[in-house]
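Participant: give the three-dimensional model of this entry:
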Amino acid sequence: MTTPAPKPKLRVAAYCRVSTDKDAQAESLEAQVSHYEQAIAKNPEWELAEIYYDEGITGTKKEVRPELMRLLSDCENGKIDVIITKSISRLARNTADCLEMVRRLKALSIPVIFESENINTSSMESELLLSILSGMAEAEARSTSDNSKWAVRQRFKDGTYRYSTPAYGYVKRGNTVVPDPEKAEIVKWIFAQVISGDGSHVVAGKLNKRGVPTKKGGKWASTTVLGMVRNEAYTGSVLCQKTYTDHSYRRHHNHEELAQHLIEGHHEPIIAREVFEAANEAVDSRARKKGIVKEYTPDAVTPVYHKRHCFSGRIICGECGGGFRRRTHVGYAAWSCGTHITDIRRCSMKFIRDDSIKTAFCAMINKLIYAPGRVLKTYLKATGTTFPAMPRIMLEEFDEELFEKTVTRITVISRTEKAFDLVCGLSLIETLGSVPVNGVTYRGRPIPRSFTSPKFIDHYDDPKVQAEYVYSLIKERPCQQ
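Facilitator: Model (predicted):
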């Protein structure tokens with residue numbers, strides 16, 4: 001009689017987190033790690049896979065927790081069978097993140113055990129309770145955040161706010177900041193160069209040529225110089241509440257949504273007020289001559305100087321995250337990644353033609369017109385979001401006004417793939433290659449207006465994922481030879 005093979009043990013991973021790096025919290029983290037080492041060792045059906053822990057990191061957004069992201073990656077790579085954690089608030093204080101992670105893990109047949117709430121997500125009945133409890137954890141995180149913000153704003157009002165990170169040219173000394181003699185001279189030189197007529201890009205180039213490092217020891221960029229010229233801290237003042245964080249934990253520039261407080265004489269100035277104003281007028285004057293308007297986009301933390309071209313400030317490199325700049329080539333306009341222009345070793349993304357972006361946008365709009373009910377209308381109805389009125393007939397040429405109304409950002413994935421982020425929340429990828437389509441190669445090709453698609457099937461519960469999936473099925477109809 002053969003002896004049955006022993007049942008393999010489940011590989012169990014534990015996740016721990018503390019939100020600050022203070023000594024007491026560090027002890028709490030050690031206690032959590034010790035607890036899980038013992039708990040997993042006591043269960044004869046378990047074996048310890050690994051203990052993952054994030055230290056000194058907030059729990060409101062999963063993307064800022066590297067160990068949690070590594071845990072999820074290991075789950076997808078088949079290294080883990082079960083996850084155990086202390087409570088829902090340890091895993092996430094954002095309801096959407098919590099449910100998204102749990103569903104993602106359930107699809108991999110990996111249950112999550114929440115000890116405090118006595119929830120095991122292998123049971124389908126747990127999801128409603130999980131939703132309720134994670135919502136409560138999110139509300140608690142918001143309440144804590146609001147209390148902290150109130151305390152900071154009170155310090156703004158009474159002028160007792162303390163500089164946390166001094167600007168370039170200053171060093172922290174006690175509860176205040178003082179000029180760093182060597183770097184203060186660099187600051188004065190920058191302002192003098194700008195007043196004399198040099199643009200921020202030229203000033204950055206001169207600093208790099210001289211071998212002057214930035215605050216973090218890197219290369220100077222035009223945006224760094226421009227940010228310094230706009231920073232009132234060099235006049236000895238502090239403008240409080242330049243930015244704010246919304247309830248979704250996204251940072252925005254403060255366009256008078258919240259009160260700002262100017263604390264004058266907060267510290268020793270490096271630049272006189274009249275020099276500061278002269279430098280800023282020089283920057284504004286150069287912008288006016290180029291037809292550039294200072295504007296703020298809804299999600300921008302800093303002002304965007306653009307409007308000479310509708311794509312300005314909206315194209316992002318999918319490789320490095322840098323912005324694209326418009327350049328004129330022989331016979332056509334193109335857009336290039338700013339990082340690639342500065343240092344090709346840091347980003348390999350090559351330029352894309354202006355007309356390729358316009359053709360891709362038109363193709364994307366025409367696909368939405370081709371199947372309005374299965375992409376836009378279904379998504380808008382399910383989410384309650386809105387979208388500008390669409391044309392009744394397919395586009396034959398680029399419509400700049402429609403682009404301005406519908407697209408918030410373009411991410412260049414490759415020279416042939418662009419992702420259009422729409423105002424309604426969808427992100428649609430359009431592919432335009434150099435292979436012949438409709439009998440014409442890419443350069444000078446017509447805007448596609450004839451499409452085909454297989455039968456649309458509802459594959460996903462998430463309306464955004466489903467809409468983007470349906471869109472991906474729509475293909476340009478090849479020409480008849």
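
Participant: low pLDDT regions in the stretch 301-450 of the chain?
Facilitator: Within the stretch 301-450 of the chain, the stretches with pLDDT under 70 are 301-308, 432-445.

Participant: in it, which spans are strands?
Facilitator: Counting by DSSP state E, counting those that start in this stretch, the stretch 301-450 of the chain has strands at residues 304-306, 315-317, 324-329, 332-337, 352-353, 407-412, 417-422, 427-431.

Participant: what are the pairing partners of the fifth one, and which direction each?
Facilitator: Read that as strand 352-353. strand 332-337 (antiparallel) (DSSP bridges).

Participant: CA atoms only: put the partner strand into PDB for me.
Facilitator: Below are the C-alpha coordinates for strand 332-337, written out as PDB (Å, rounded to 0.1, in the frame of the first residue of the first chain):
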ATOM      1  CA  TYR A 332       7.300  69.300 -41.200                       C
ATOM      2  CA  ALA A 333       6.800  70.000 -37.500                       C
ATOM      3  CA  ALA A 334       7.600  67.300 -34.800                       C
ATOM      4  CA  TRP A 335       7.500  66.800 -31.100                       C
ATOM      5  CA  SER A 336      10.500  65.500 -29.100                       C
ATOM      6  CA  CYS A 337      10.900  64.400 -25.500                       C
END
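
Participant: residues of that strand that come out buried?
Facilitator: Neighbour counts over strand 332-337 (16 or more other Cβ atoms under 10 Å) mark 334-337 as buried. For glycine as for every other residue, the C-beta is placed from the backbone atoms N, C-alpha and C.

Participant: make JSON lines out of these and add distance to Trp220.
Facilitator: JSON lines is the format used below for the buried residues of strand 332-337 (distance: Cβ to Cβ, whole Å):
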{"residue": "Ala334", "distance to Trp220": "25"}
{"residue": "Trp335", "distance to Trp220": "23"}
{"residue": "Ser336", "distance to Trp220": "19"}
{"residue": "Cys337", "distance to Trp220": "18"}
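
Participant: out of the residues you listed, which is nearest to Tyr379?
Facilitator: Trp335 (28.6 Å; Cβ to Cβ).

Participant: let me know whether that closest one touches Phe324 as I believe.
Facilitator: Yes. Because the distance of 4.3 Å satisfies Cβ atoms under 8 Å, Trp335 is recorded as touching Phe324.

Participant: now do the shared contacts for those two.
Facilitator: Taking Cβ atoms under 8 Å, 6 or more residues apart in numbering as the contact rule, Trp335 and Phe324 both touch 311, 315, 352, 412.

Participant: got those residues as TSV, with neighbour count and distance to Thr385 columns?
Facilitator: Shown next, in TSV, are the shared contacts of Trp335 and Phe324 (neighbours: other Cβ atoms under 10 Å; distance: Cβ to Cβ, whole Å):
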residue	neighbour count	distance to Thr385
Phe311	20	24
Ile315	21	24
Ile352	23	29
Val412	23	25
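
Participant: from these, which is closest to Val33?
Facilitator: The closest of the shared contacts of Trp335 and Phe324, once distances to Val33 are taken by Cβ to Cβ, is Val412, at 42.7 Å.

Participant: I figured the closest one hits Phe351, correct?
Facilitator: No. Counting by Cβ under 8 Å, Val412 sits too far from Phe351 to count as a contact (9.6 Å).

Participant: find residues that contact each of those two.
Facilitator: 335, 337.

Participant: low pLDDT regions in the stretch 151-300 of the chain?
Facilitator: Applying pLDDT under 70 to the stretch 151-300 of the chain flags the ranges 151-164, 240-261, 289-300.

Participant: quick one, strands of it?
Facilitator: For the stretch 151-300 of the chain, the strands defined by DSSP E, counting those that start in this stretch occupy 170-173, 176-179, 238-240, 243-245, 251-253, 261-263, 293-295.

Participant: which residues touch the second one?
Facilitator: In this case it means strand 176-179. With Cβ under 8 Å, 6+ apart, strand 176-179 has contacts from 162-163, 166, 169-171, 266-268, 270.

Participant: for PyMOL, write the select line for the buried members of those residues.
Facilitator: The following PyMOL line selects those of those that are buried, judged by 16+ other Cβ under 10 Å:
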select buried, resi 166+169+170+266+267+270
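
Participant: looking at the contacts of strand 176-179, which is nearest Ser222?
Facilitator: Gly169 (18.2 Å).

Participant: contacts only, for the closest one.
Facilitator: Counting by Cβ under 8 Å, 6+ apart, Gly169 has contacts 179-180, 183-184, 186-187, 234, 270.

Participant: and what of Glu50?
Facilitator: Contacts of Glu50 (Cβ under 8 Å, 6+ apart): 13, 74, 80.

Participant: how many residues are close by Gly373?
Facilitator: 10 (other Cβ atoms under 10 Å).

Participant: swap in Ala371?
Facilitator: Applying other Cβ under 10 Å, I find that Ala371 has 18 neighbouring residues.

Participant: pull the contacting residues for it.
Facilitator: Counting by Cβ under 8 Å, 6+ apart, Ala371 makes contact with 451, 453, 456, 470-471, 474.

Participant: go on, Ala282?
Facilitator: Ala282 touches 194-195, 197, counting by Cβ under 8 Å, 6+ apart.

Participant: ok so, going back, just so I know, which of the strands of the stretch 301-450 of the chain lies nearest Thr383?
Facilitator: strand 417-422 (12.0 Å).

Participant: hey, where'd the helices end up in the chain?
Facilitator: Ranges of helices in the chain, per DSSP state H, are 23-42, 66-76, 88-91, 95-107, 126-158, 181-196, 200-210, 222-229, 273-289, 338-342, 354-370, 378-383, 400-406, 463-473.
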